[in-house]
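Colleague: give me a 3D structure for the following:
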Amino acid sequence: MEKITAREYARRHRKSLFEVIKMIQQGVLRGEQLEENGRSVQYVYLDKSDSSPAPADHKPSAPASDTSENLAGEITLLRQEIALLRRELRECCRRVGKRE
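Modeller: Modelled structure (predicted):
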């Protein structure tokens, strides 16, 4: 069993220190807090075979067809919003031009 600091674990797994400590408190990771040189240090215990992040962190990806449909819908909404903003900008510029 390997013992590393929570900060090192966070760096290796590209997580924030807060997330790692939260995972320890929730029981997802094994760890302990020790007093060293007057400072409190959080450690994470890893099995030799456990070199990957905890399985609870794994997020299933959406199927490719759902993702492309979602993107197409978002693109349509963005295009509509751009068209609306262009119309408002033209109207605003016309009103400003009439005042001068």
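Colleague: what is the mean pLDDT for the lengthiest helix in the chain?
Modeller: Selection of the longest helix in the chain by residue count, based on DSSP state H, yields helix 64-99. Averaging pLDDT along helix 64-99 gives 82.
Colleague: how much space separates Ile21 from Ile75?
Modeller: Look at Ile21 and Ile75: by Cβ to Cβ, to the nearest Å, they are 39 Å apart. C-betas here are computed from N, CA, C, even on glycine.
Colleague: those two: which is more packed in?
Modeller: Remark: of Ile21 and Ile75, Ile21 carries more neighbours, 19 against 10, as counted by other Cβ atoms under 10 Å.
Colleague: distance of that one relative to Arg95?
Modeller: Computed as Cβ to Cβ, the Ile21 to Arg95 distance reads 55 Å.
Colleague: what does Gly38 give?
Modeller: 67 Å.
Colleague: got it, and Asn70?
Modeller: To Arg95, Asn70 is 38 Å away according to Cβ to Cβ.
Colleague: and Thr5, how far from Glu91?
Modeller: Distance check for Thr5 against Glu91: by Cβ to Cβ, it reads 59 Å.
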